[in-house]
Structures are given as structure tokens and as C-alpha cells.
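1. Dropping the sequence and predicted coords here.
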Amino acid sequence: MDERIRVAVIYGGRGSEHGVSVVSAGSVLAALDPARYDAVPIGITKTGDWVLTKADPRRLAITGRALPEVGTGAAVMLRGGGEAAELVTLDPAVGAGALGAVDVVFPVLHGPYGEDGTIQGLLEMVGAPYVGAGVFASAAGMDKDFANKLFAAAGMNVGPYQVLRAGAPVLAEDVAHLGLPVFVKPARAGSSIGITRVTRWADYPDAVALAFGHDSKVLVEAEIRGREIECGVLEDVDGRPIASLPAEIKVLRGHDWYDFEAKYLDDAADFDLPPDLPPEVIARIQAAACQAFTAIDCAGLARVDFFLTPDGTVVINEVNTMPGFTPISMYPRMWAASGVPYPQLLDRLIDAALRRAGR
């Protein structure tokens, strides 16, 4: 009898971060210890089909500048009932049949239709333990407007911003009080997709149109001048948040800011891990990361992004409840530098999910 933990790694999805999710899943699948885990890779295509895929991490990597996609496979669904959720194939060519119970789900999904509480709600309904934040924290963390409200209510420093909703007039004078530059971004997206750094008000309407192409709610944020700092948060055995060593992002080679190409395609950023900062400042950043984690009622893990202004103020930018797990992603790199290597990090995340489910 196979006593390994059966982990359904779900990845891809209908959202704009489909390719990044595929790359993250490839890294997770490669790092899961086959002696301890029976990994079942489940891909969600861009059209929303769930398919049983090949567990070959080499197929799930960036090739040149092209991001991978979920391909074909036997149709599959997650069915609830009984003591555990089950995977069931639905492909007529294979025939309906149970693939067996699932001990835990690792939803390596980024952005809408995955990181936003949607799949978390489905997993709650079928009774499947899962890695990461619950429905509320996932939804709140994805919506930068409501996350900012929760951070401000917790006494954290939030930068100036304004919310735009679909159908409202797009007038630069309405946001001129924010000054230039501003960042125009979808309220519920990630990986810097749909974001524009606006340095001339003449470019503002096009930036808003681009952002509205990804979401019905848009944020216009004043640029915070300061150093970009990220920090990882992990749930300990008692359910309390602990923080990793932070890292500083330094964008290089022709990129004005840390956009999608700089993150994933151009290798255009350096990282100081840890940053060249006094110990007391690093401690304040770590405390703020844990405070943000608690403010949105997070669980499991998060990556919290900050700006450190020249006067030493720590300003929260955003929280990511399912940060990237690609080979270059900062969340696993920060924990590796903090003494928790990638395979052990996955162990702790899966253990936390099972512990929360009482298993």
C-alpha cells in the first residue's frame, strides 16, 4: 500500500498569469520528494478545462521568451463526498474512473481564477485540504483596493491612490493630485500585467484603457520613491507567521521599473539578499510582513512587497497569497537564504495545510 502523501498540483488557469503558473508548477513538481509524495499534476487550460497532464517539469519551463501553456490530457474533475476528495477522469477515450483520494491540493495558481478565492471556495466545498490562504484572504489579497483598506485599518503605511471603475470618465485632472509619475494598474491582477508607469498626462488615457482590459476596477497610484523590498512569510507549527530575510530588487538594463519582462524574460534585475540595511530596519520590515499577513487573515504563506523611503518609512505595496515558485522567484529564494531550502519549504507548506485540516 502506497503510504505517500497524494498531492494534486493544480496549475495554469484562465487568468493572464497562466504561463507563470505553469512555470511555478514545474519547479514545485521537480522539488517534491517522490519518496514522500505521490504528485498528480492537474492543468487548467486557458479555456478552463481541467486535464491530467504529464509530470515532466522540463515541459513546464520558459523556452526562449515563450511561456509554456497547459496542453491536452484526459479530462478530470475533483469530486467531494466521503472522507476525502477524489480525482475522477472524464475523458471518453479513457473512460470514467476514479484516480483515487487526494490528501492535499497545492493550487499553484497566480492571479484571477485561482489566487483570488475562486478555487479555494471550490476546494472548501469538496472538502480538500489545500496549501495557502483561505477564501477571504485570497480574495482580499488579490484586490489591491480592499487589501489597502485592511492594511490601513491595521495601522500600516499605505501610499496615496485612487480607484477608477468601469464606465466612469477618464480625466487626468481627477488624479492630478497624485502627481507624476503614477502607476495605473488593474486592481485584481499580478505579475505586473496590465500596468503602466505614466510620466506624461497625455499617456494617461491609454494606460487606463490597458488596465481596464484586464479588470473592471483600476488603481492609480502615486509613485513611492524608495527602495523596493520583498519579504516572505511562512506559517509555523503553531499557525503563527514568521518572516524570512528580506530582499531588495534593483532593476537594471533599460527597465524603468520591475515590469513583466524584467521579472521573467530579460533577466533585468539584481537582488540583494539580505539588503544592505541596519538590523533594526530589517526587523521592522519583517514585523510589517507578519502584520500584513495577519491583517488579511492569511494562512500558509505570502510574499509581502514594500517600499522603504529615504526617511526610513516602510510603505506596504501589496501582498501575494500564492507567490511565484519559478526558478527565479524571490519567495523560495528568500526562504533558502533563511535556512529553509526549496524541498523543505514545500514540506512545511503541505504539512501546514494538512494540520489546518486536522490530518
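-> Received the coordinates, thanks. Source: prediction; values computed, not measured.

2. For the chain, which helix or strand comes out least confident on mean pLDDT?
-> Least confident helix or strand, the chain: helix 260 with a mean of 52, by mean pLDDT, DSSP states H and E.

3. by contact count, what packs against whichever helix or strand comes after it?
-> Downstream of helix 260, the next assigned helix or strand under DSSP states H and E is strand 269-272. Contact analysis of strand 269-272 by 3 or more Cβ pairs under 8 Å, 6 or more residues apart in numbering; DSSP states H and E lists strand 247-251 as its packing neighbours. Glycine gets a C-beta too; all of them are placed from N, C-alpha and C.

4. Neighbouring strands - and their directions - for the strand it packs on?
-> strand 227-235 (antiparallel), strand 269-272 (antiparallel) (DSSP bridges).

5. can I get the ones you listed in a markdown table with mean pLDDT, mean neighbour count and distance to Glu318?
-> Shown next, in a markdown table, are the strands paired with strand 247-251 (pLDDT from 0 to 100; neighbours: other Cβ atoms under 10 Å; distance: least, Cβ to Cβ, whole Å):
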| stretch | mean pLDDT | mean neighbour count | distance to Glu318 |
| --- | --- | --- | --- |
| strand 227-235 | 97 | 24 | 10 |
| strand 269-272 | 82 | 15 | 17 |
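
6. could these go into a markdown table alongside distance to Ala128?
-> Shown next, in a markdown table, are the strands paired with strand 247-251 (distance: least, Cβ to Cβ, whole Å):
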| stretch | distance to Ala128 |
| --- | --- |
| strand 227-235 | 18 |
| strand 269-272 | 35 |
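
7. For the helix or strand encompassing Cys290, buried residues please.
-> For Cys290, the host element (DSSP H and E) is helix 279-295. For helix 279-295, a neighbour-count test (16 or more other Cβ atoms under 10 Å) marks Ile282, Arg284, Ile285, Gln286, Ala288, Ala289, Cys290, Gln291, Ala292, Phe293, Ala295 as buried.

8. Check stretch 333-342 too.
-> For stretch 333-342, by 16+ other Cβ under 10 Å, it's Arg333, Met334, Trp335, Ala336, Ala337, Ser338, Val340, Tyr342.
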